[in-house]
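*Asks:* sequence unknown, structure follows:
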Ligand code: 5GP
């Protein structure tokens, strides 16, 4: 079945499904999505653009497109983002053309915006499947952020205060996946189960695709 929506005035149409994985910084979204992509080679990932500086080990075009404020503004003015948000002093945006083309080509796409961006996508695109990821304890967010050693203490404090706000929106999502300490494979199983089940929802099957299995 074709999905259609209008984000920023233009339609997105595609037989592919859009999966929106969100949740606070430190919940483990990156690790879970990496593991999921390793299991599902046809799943496409929407690489966001950001004005944030790359962290050690982050690669251009793989983790993000790292661009200047001016370039971000230019793309925004050209309607190049499906959604965008300021997060902790930097801008992050979802490039529009990649998602539109990939869904249209029939591939499923996963993206992992922060919570406001996720809700903007869901409002504009009700067919999107939204999943909220949380750790089993709030205190694990802080510990994970400390352990990855990529942010200063001030930055961690700001991310945790944003996390408090973000968690209030959990009920706006279709699914909740708990990423338990040292059991992230189970959370990946949960995500994979959601993806599989979503593909089998009856309204995803066009009538003509059912003909051969329903007619005697
Ligand atoms: P980080 O700096 O940790 O990579 O990302 C900060 C937050 O921005 C994370 O919650 C991340 O999921 C979110 N984020 C990454 N890309 C996008 C995007 O394109 N749009 C929105 N709204 N949030 C994003």
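*Replies:* Nice, I can see it. Just so it is clear, the model here is predicted, and its values are computed rather than measured. Numbering: from 1, shown residues only.
*Asks:* Run a quick check on residue 191 versus residue 39, I expect a contact.
*Replies:* No - applying CB atoms under 8 Å as the test, residue 191 and residue 39 come out as separate, 9.2 Å apart. In this view, the C-beta of every residue, glycine as well, is placed from N, C-alpha and C.
*Asks:* So which of the two has more stuff around it?
*Replies:* A count of neighbours by other CB atoms under 10 Å puts residue 191 above the other of residue 191 and residue 39, at 24 against 12.
*Asks:* is it fair to say that one lies in a strand?
*Replies:* No - Residue 191 sits outside any strand when classified using DSSP: H, G, I helix; E, B strand; the rest coil, being helix.
*Asks:* and the residue nearest to it when sequence neighbours are not counted, how many neighbours does it have?
*Replies:* With CB to CB, 6 or more residues apart in numbering as the measure, residue 36 is the residue that lies nearest to residue 191, at 5.3 Å, once sequence neighbours are left out. Under the neighbour criterion other CB under 10 Å, residue 36 is assigned a count of 20.
*Asks:* Next, find the distance separating residue 36 from the ligand.
*Replies:* 15 Å (CB to the nearest ligand atom, to the nearest Å).
*Asks:* Kindly report the same for residue 35.
*Replies:* Distance from residue 35 to the ligand, counting by CB to the nearest ligand atom: 16 Å.
*Asks:* cool, residue 25 as well?
*Replies:* Here residue 25 is placed at a distance of 5 Å from the ligand (CB to the nearest ligand atom).
*Asks:* Tell me the secondary structure of that residue, please.
*Replies:* Once three-state DSSP is applied, residue 25 turns out coil.
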